[in-house]
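In: no FASTA, just this:
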C-alpha cells in the first residue's frame, strides 16, 4: 500500500513538474494525500487521473505548423532563387541536426563522426550517377539505404567503445571512409570531381516544373532539390517524433537515464542503439547525397568534413537545446543568422561559434529552447505523458 | 629484405613520436576519464609556443621548450581549473562538446595569430644526422632521440604515479573521487595539476613534432586520432601500453606507406580497428575499472 | 560545550528530504551509536557531517565553529575522519598506500602512525605491499579503519563497520575499536546490530524515517522503547 502511495506522490510531482511556471493543472500533492487518507483507496485515486500527451499549445502548433509547411511547399512559386538556395541549406542542416539529436540527445550515442554518412551518401550518389543513368532522386534514396547498410558493420566495431571513446571511434571511422573514397580514381581520388551539369538535369519531373513555373532548367532543378530537402527535413522531424511517441521512445528515455536500469526492465539496449544508429545513418546519408547533388562538386575533404557536417550540426543542436525536437529548430535559425551575417569574419566567426557552444554547455546546458521551455512550460511537440485530474479543483 | 628491416625500424621509432602524442592523453584519461578532443590542437599550440619563444628570444628549440613548458603547465592548469572542471560529473556530453568547441577555437585562433603557413622548428644539423647500423642500414638521430624521449617520459610518468604522494593521490582520485575527498584530496586541484603535467608532456611531443615535420594550425585533429588510437590499443590507464600502442600505429603506417604511399594513414586506422575488434579493452587493460 | 553537535539538521537528496531537524551532540572522548532501520537516515547523517552531503552551515558545529556544508576536504583537515560504508578502499593502491593516503590532507602528530596501526592490525604489516583488492573482507575493513586513523582525527565516523563480516572478525574489529577509544578519540558509530551498539556506546541515538526517535544511555533504555523507536510501532 505505502509503495502505491509513494508512486502516486511521485506521479503527481512528475506531472506538476511537467507544467512548470506555477500554472498547476495537474492535481496538487495534497489532493492525492487527502483522497488516500480518507480511505478511498488507490483505485479511486487512479480514476481521478487520465494520461494526456497533447497540450493546448501543441494543438495550436499543429495548425500553425500545417500552414507553415503549406507555405514552404509553395515558396518556390513566389520566392527568388537566392531564398530557395538558402532554404535548401537551412533544411539540410536542420535534417542533419535532428538526426544527430536523435543519436546523441535521445540515445546517448555521442558521435563526432556523422560526417562519415554525409560523405558516404554523397559519394555513393556520385558513383551511381556517374556510372549509370539512374534518376538522381532514386540515387538519393539508394545512397541513403546503402549508407545505412554500411552503418551495420561500422556499428559492430565502434559500439565496442563507450561514451567518449565511442565519439572518437566514430571520428576515426569517418577518416577511414574518407581515405578509402580518396583512393577511388574514377571519382577523382583525393581532389574529387564535378558532376556534369547535364546529368543533374536528368531528374524526375524537371520538364513539368519548367513549364509550370516557366523557369530555366537549372532553376527547375533547384526547386526539385528544394522540395526534396523539405521532405527530408520534415521526414527527420517526423521520424524523431514518431519514434519518441512509440514505446521505443520510452525505452530510449530509459537508456538515456540509466543503461543498467533499462536493461533490467527488459530493454535490449544493443538492439535499440543499433537500430537508432542505422536509421540516423540512412537519414544522414540521404541528406548527404542531396547536399552534394545540389553542390554538384565533391571532394573527400569536403564531404567528410568534421567541421561542416558534425561541428556545425552539434552547434545547432546544443545552442537550440539537445534532447528536444524544438531545440534544433531554434538552433538552425541562430546558426543561419550567424552564418549569413558573420561568416565573412572567417576565423573570428568560428572562434565565436566555439565560444558560444562552450558557454551554452557550461551555463545553460539545456540550450535556448530548453531554457524557455522550462521557464514557460512550452512544448510544441507533445511528447510528455501528462497525468491530469479529471475534474479540476480550480 | 633489408628494406623491410629498415621499414620496421622506422615504424617502431615513429611509434615513439605517437607515444609522446598519446602520453598526455593517457594521463588525462587515466585520472579523470576526460576525453580531450582538443588534445591534438594543444600539441600544435605548444609547437607554436616553442616557435614563438625561439623567434622572440633567438634561442634554440630546446631552450625555447624549457621556457615554454612552465607557461604551458600554467595554461593547462588554468584550462582545467576554469573550464574543464565545470564539465566533470555531468555525463559524457559536456566534456566532449566543450573540448570540441575548444578545438575549433584553438585552430582558428592559431590561424588568426600565425596564418596557415607551414612552420618548422629548426634544430640545425641534428635534424639530418644518422647512425649507420650496417652498410645499407642507418637510422636517423632525431627518430632515435624521439623514441628515447618517449621511453623517458613514460618512465617519469610511472615514477610520478607509483613513487610519489601526488601520484598516490592521482590514483586514489581516479579510483574513487568521492572517497578521495574524505582523505583530504581536493579532486579538482588534482585534475588541474594533472592537466598541467599533461601539458608539459604535450610540450615535449610538440618539440619533436616541430623539429621532425612541418606543422600548421590545422594538423591537430589528426594527431588527436593517432594519440587516441595508441591509448585505446594500449589499454586505458597503462602508460607502457600507450607506448606499445604508439609503436603499433607507427609500424602499421610505415608498412602501409611502403606498400602504397597513399595508404599510410589508412593502414594506421585499420590496425587500430583490428586491435579493437580482437581486444576491445586494449592489449594491457587495467584489472580494475 | 560538546566537541561536535548538530542543530536542527535537515538534509536533502535533490528534492527528497532525508533528515528532519536532527539534534545530537558528541562530547570529547565519547562514543555515540546511531541505530535505526534501513533508510532511517543513519548514513545520510554521517555524510552531512563529513561534507559529502551539502547542508546549511550552522547545522553542524565542531569545536565551537559551524562546519555544515564545508567541503569534505576541509572538514577532514579539521580532524573529522570517516570510515565509509562498504570500506571503499582504493583498488589501484597497495595496503600500505591505502593507509598512507589517509594522511594526505591532515598530517599531524598523534598516537596513530603507520607503525602503531600495524601494531593494531599485525596482518596488515604482512600484507603491506599487496593490492587492497587481494584482501579478505575483514582485512579490508582493517585497512579502512587504519586509513581513517592515520590522520589522528578527533572524531571518527564509522559507517557500518561490521557489515558483511563473520562474527569472529566483527569481534576483532570491535576489540580494535575499544583500543581506539582508549586513545581519547570520539566516535560516532552507525550500527545495524543493536546489541553490539548498546554494548559499545556511551549513548545511543535511534533514527526513524529521517527523524530522531529516541536517545539516551544504553542502561536507561528498555527493549520496548527501542523497539518502538526503531520500527515505529
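Out: Alright, I've got the coordinates. Please read all numbers here as calculations on a predicted model, not as lab measurements. Residues are numbered from 1 along each chain as shown, chains lettered A, B, ... in the order given.

In: and the closest residue in space to residue B:226 that isn't next to it in sequence, helix, strand or coil?
Out: By the measure of C-beta to C-beta, 6 or more residues apart in numbering or on different chains, the closest residue to residue B:226 outside its immediate chain neighbours is residue B:18, 5.0 Å from it. Quick note: C-beta positions are derived from backbone N, CA and C, even for glycine. Secondary structure of residue B:18, reduced to three states by DSSP: H, G, I helix; E, B strand; the rest coil: helix.

In: I'd like the distance between residue B:18 and residue B:156.
Out: According to C-beta to C-beta, to the nearest Å, residue B:18 stands 18 Å off from residue B:156.

In: what's the answer for residue C:184, then?
Out: Applying C-beta to C-beta, one obtains 44 Å for the distance of residue C:184 from residue B:156.

In: of these two, who's got more company?
Out: Neighbour totals were compared for residue C:184 and residue B:156, and residue B:156 leads with 16 against 11 (other C-beta atoms under 10 Å in any protein chain shown).

In: those residues of chain B touching chain C, which are they?
Out: Proximity of chain B to chain C is confined to B:165, B:168-169, B:171-172, B:174-176, B:178-186, B:286-288 under the rule C-beta under 8 Å from any C-beta of the partner chain.

In: just the buried members of the residues you listed?
Out: Neighbour-count burial within the residues of chain B next to chain C applies to B:168-169, B:171-172, B:174-176, B:179-186, B:286; the criterion is 16 or more other C-beta atoms under 10 Å in any protein chain shown.

In: between these, which is nearest chain A?
Out: Proximity of these to chain A was ranked by C-beta to the nearest C-beta; the top entry is residue B:286 with 14.5 Å.

In: and stretch A:283-296, how far out from the chain middle?
Out: On the basis of C-alpha atoms, centre = their mean, to the nearest Å, the separation between the geometric centre of stretch A:283-296 and that of its chain is 16 Å.

In: and it, what's buried?
Out: Residues of stretch A:283-296 classed as buried by neighbour count (16+ other C-beta under 10 Å): A:283-294, A:296.

In: name the helices or strands packed onto the helix or strand where residue B:224 lies?
Out: Using DSSP states H and E, residue B:224 sits in helix B:220-234. On a contact count with 3 or more C-beta pairs under 8 Å, 6 or more residues apart in numbering or on different chains; DSSP states H and E, helix B:220-234 meets helix A:163-181, helix B:2-32, helix B:39-57, helix B:93-114, helix B:239-259, helix B:264-278.

In: one more time with 10 Å, if that's ok
Out: Helices and strands touching helix B:220-234, by 3 or more C-beta pairs under 10 Å, 6 or more residues apart in numbering or on different chains; DSSP states H and E, are helix A:163-181, helix B:2-32, helix B:39-57, helix B:93-114, helix B:187-212, helix B:239-259, helix B:264-278.

In: mean pLDDT and mean neighbour count for those - can I get that in CSV?
Out: What follows is the helices and strands packed on helix B:220-234, written out as CSV (pLDDT from 0 to 100; neighbours: other C-beta atoms under 10 Å in any protein chain shown):
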stretch, mean pLDDT, mean neighbour count
helix A:163-181, 93, 23
helix B:2-32, 93, 23
helix B:39-57, 96, 23
helix B:93-114, 94, 22
helix B:187-212, 96, 24
helix B:239-259, 96, 24
helix B:264-278, 94, 19
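
In: need those helices in TSV with distance to residue A:138, can you?
Out: Converted to TSV, the helices and strands packed on helix B:220-234 look like this (distance: least, C-beta to C-beta, whole Å):
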stretch	distance to residue A:138
helix A:163-181	21
helix B:2-32	45
helix B:39-57	40
helix B:93-114	36
helix B:187-212	48
helix B:239-259	37
helix B:264-278	31
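
In: for residue C:70, find the nearest of the ones you listed.
Out: For residue C:70, the closest of the helices and strands packed on helix B:220-234 is helix B:187-212, at 14.9 Å, according to C-beta to C-beta.

In: what angle do the closest one and helix B:39-57 make?
Out: In this structure, helix B:187-212 runs at an angle of 60 degrees to helix B:39-57, with axes from the mean of the first three to the mean of the last three C-alpha atoms, to 10 degrees as the basis.

In: can helix B:187-212 be said to contact chain A?
Out: No. Counting by C-beta under 10 Å from any C-beta of the partner chain, chain A has no neighbours in helix B:187-212; the shortest distance is 14.9 Å.

In: where's the closest residue to residue B:103 other than its chain neighbours relative to residue A:351, distance?
Out: For residue B:103, the nearest residue in space outside its immediate sequence neighbours is residue B:38; the separation is 4.1 Å by C-beta to C-beta, 6+ apart. Look at residue B:38 and residue A:351: by C-beta to C-beta, they are 13 Å apart.

In: over to residue C:26?
Out: With distances defined as C-beta to C-beta, the gap from residue C:26 to residue A:351 amounts to 56 Å.

In: before we move on, what about residue A:261?
Out: The value you get for residue A:261 to residue A:351, if C-beta to C-beta is used, is 41 Å.

In: quick one: which of these two has more around it?
Out: Neighbour count, other C-beta under 10 Å: between residue A:261 and residue A:351, residue A:351 has more, with 20 against 11.

In: so who does residue A:162 touch?
Out: Taking C-beta atoms under 10 Å, 6 or more residues apart in numbering or on different chains as the contact definition, residue A:162 lies against A:108, A:169, A:259, B:92, B:280.

In: now, which of the residues you listed sits nearest residue B:55?
Out: Checking the contacts of residue A:162 one by one against residue B:55 (C-beta to C-beta), the nearest turns out to be residue A:169, at 38.6 Å.

In: what about the residue nearest to residue B:61 when sequence neighbours are not counted, which SS state?
Out: With sequence-adjacent residues excluded and distances taken as C-beta to C-beta, 6+ apart, residue B:61 is closest to residue B:121, at 4.5 Å. Three states are possible here, and by three-state DSSP the one that applies to residue B:121 is coil.

In: which one's the longest helix in the chain?
Out: Let's take chain A. Longest among the helix segments of chain A by residue count, using DSSP state H, is helix A:217-245.

In: to clarify, I was referring to chain C.
Out: With DSSP H as the criterion, chain C gives helix C:167-182 as its longest helix.

In: helices or strands next to that helix in the packing?
Out: strand C:31-36, helix C:114-120, helix C:137-149, strand C:155-159, strand C:186-190, helix C:194-200.

In: gap between stretch B:24-43 and the chain center?
Out: 8 Å.

In: I meant stretch B:273-281, not that one.
Out: The gap between the average C-alpha position of stretch B:273-281 and the chain average comes to 21 Å, counting by C-alpha atoms, centre = their mean.

In: now do stretch B:228-242
Out: 11 Å.

In: between the two ends of it, how far is it?
Out: 9 Å (C-alpha to C-alpha, to the nearest Å).

In: need the worst-confidence member of the contacts of residue A:162.
Out: Within the contacts of residue A:162, pLDDT reaches its minimum at residue A:259, with 77.

In: how about that residue: what's its closest non-neighbour residue?
Out: Of all residues beyond its chain neighbours, the one nearest residue A:259 is residue A:269 (5.8 Å), with distances taken as C-beta to C-beta, 6+ apart.

In: now do the contacts for the one you found.
Out: A:107, A:108, A:251, A:252, A:254, A:255, A:259, A:260, A:262, A:263.

In: surely residue A:124 and residue A:146 touch.
Out: Yes. Here residue A:124 lies in contact with residue A:146, judged by C-beta atoms under 10 Å, at a distance of 5.2 Å.

In: looking at those two, which is more packed in?
Out: With other C-beta under 10 Å as the criterion, residue A:124 and residue A:146 differ in neighbour count, and residue A:124 comes out ahead with 24 against 20.
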